[in-house]
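**Student:** Take this sequence and fold it.
(chains A and B)
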Number of protein chains: 2
Amino acid sequence: MSFYEEALQANARYAEGFQYGHLPLPPARKAVVLTCMDARLIPNEFLGFNIGEVHVIRNAGALATDDAIRSLVISTNLLGTREIVIIAHTDCGMLTFRDDEVREQLQQNYGADASNLALHAFSDLHESVRKQVQRVRECPFIAKDIPVHGLIYHVETGKLEEVAHA
Amino acid sequence: MSFYEEALQANARYAEGFQYGHLPLPPARKAVVLTCMDARLIPNEFLGFNIGEVHVIRNAGALATDDAIRSLVISTNLLGTREIVIIAHTDCGMLTFRDDEVREQLQQNYGADASNLALHAFSDLHESVRKQVQRVRECPFIAKDIPVHGLIYHVETGKLEEVAHA
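**Tutor:** The predicted structure follows:
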């Protein structure tokens, strides 16, 4: 069976015992997390939060891309969040390739022009976290009294390492 | 105590019993989910998957933005995922405002030029899901034999509704 079919079945079981239909839209703990799409990261478990409490933004690399910033602007200005936590992680896929190599591979595999495709691979994890924290801090539409924290989650131990604050 | 301080404490407890340090980088169930940042969505719970199994991309609105597509291209081409599931949800914040209104509000609150800030609010949830599925399907760097499913998660009941396939 495909993941999709299994997920539909799992969801039918989940909905049977569902007790959270009353939760309001704004996150109860007024916080937003930006982290990586990596399958080994289950943010509510390694940060200890429950349904309805925290916004979670995820992309390849836990990067403060324009789209992540768009989501952060909406979260903080329209939905009441007051803390931003950015979490990259060890053994990230983004450390394993270079943009130009992947562009060439995609161009060969698909026969389409990949020259404008930015993948945003990086080679220094700590430096990347500091950059993302800075990028969010510099956004003119995120209030300056909202703290921005940058951390690295260690997939080998489950532990968080503090890296940067702004 | 702030969310950040509480999360650090919760993480220390989580790491004590950590048993997943051996998991490989590629998602075990070869699937990637694109969903909204909304706090009421806990994807591993409502879809029934575990740590290490599925990539999760999240942004405001579950939109197939350029950045979400970047993450999907990396997931499918470099990390072996073979199914894409896009999940929007009822009572989405993106249905509650209009871009031009928010731009004006941000410009007034922060005194910075917001005219180029796209927030991508939408007014029709089903139409938005169909559009995102189509946008992913049209990406030249996602293999055509990878199915793209579009669904709506009902925050009132915990149930998934199938909307579009491509």
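**Student:** When you work out contacts or count neighbours from here on, use the C-alpha atoms and nothing else.
**Tutor:** Noted.
**Student:** What pLDDT is listed against A:M37?
**Tutor:** pLDDT recorded at A:M37 is 98.
**Student:** can I assume it is in contact with A:A60?
**Tutor:** Yes - using CA atoms under 8 Å, A:M37 makes contact with A:A60 at a distance of 5.4 Å.
**Student:** Report the set of residues contacting both of the two.
**Tutor:** Common neighbours of A:M37 and A:A60, using CA atoms under 8 Å, 6 or more residues apart in numbering or on different chains, are B:I57, B:S71.
**Student:** got the residue ranges for the helices in chain A?
**Tutor:** All helices of chain A, identified by DSSP state H, fall at A:3-16, A:43-47, A:66-78, A:99-110, A:125-137.
**Student:** ok, the last one near chain B or not?
**Tutor:** To tie it back to what came earlier, the one meant is helix A:125-137. No - Helix A:125-137 stays clear of chain B (CA under 8 Å from any CA of the partner chain), getting no nearer than 13.8 Å.
**Student:** Same check on the fourth one?
**Tutor:** Yes - under the criterion of CA under 8 Å from any CA, helix A:99-110 makes contact with chain B via A:L106, A:Y110.
**Student:** For that helix, name the packing helices and strands.
**Tutor:** Using 3 or more CA pairs under 8 Å, 6 or more residues apart in numbering or on different chains; DSSP states H and E, no helix or strand is in contact with helix A:99-110.
**Student:** angle of it against helix B:66-78?
**Tutor:** Per axes from the mean of the first three to the mean of the last three CA atoms, to 10 degrees, the angle that helix A:99-110 makes with helix B:66-78 is 70 degrees.
**Student:** still on that earlier bit, mean neighbour count, the helices of chain A: which tops it?
**Tutor:** Neighbour counts (mean count of other CA atoms under 10 Å in any protein chain shown) averaged over each of these peak at helix A:66-78, with a mean of 22.
**Student:** tilt between that one and helix A:125-137?
**Tutor:** Helix A:66-78 and helix A:125-137 are oriented at 50 degrees to each other (the same axes, to 10 degrees).
**Student:** any idea of the mean pLDDT for helix A:66-78?
**Tutor:** Across helix A:66-78, pLDDT averages out at 98.
**Student:** again, but for stretch A:43-63
**Tutor:** 98.
**Student:** And chain B, is that stretch touching that?
**Tutor:** Yes - using CA under 8 Å from any CA, stretch A:43-63 reaches chain B at A:44-49, A:51-60.
**Student:** Just the buried ones among those, please.
**Tutor:** The neighbour-count test (16 or more other CA atoms under 10 Å in any protein chain shown) marks A:44, A:46-49, A:51-60 as buried among those.
**Student:** Among these, which lie within strands?
**Tutor:** Residues of those located in strands (DSSP state E): A:V54, A:H55, A:V56, A:I57, A:R58, A:N59.
**Student:** In those residues, find the pair that's most separated.
**Tutor:** Spanning the widest gap among those are A:V54 and A:N59, at 16.5 Å by CA to CA.
**Student:** So A:N109 versus A:F49, what's the distance?
**Tutor:** To A:F49, A:N109 is 42 Å away according to CA to CA, to the nearest Å.
**Student:** hang on, the earlier thing: of the helices of chain A, which is nearest B:K159?
**Tutor:** Among these, if distance is taken as CA to CA, the winner is helix A:3-16, at 5.4 Å.
**Student:** Looking at that closest one now, give me its mean pLDDT.
**Tutor:** So the average pLDDT for helix A:3-16 ends up being 98.
**Student:** before we move on, what about stretch A:146-165?
**Tutor:** Averaged over stretch A:146-165, pLDDT sits at 98.
**Student:** Before I go, just wanted to say thanks for your time.
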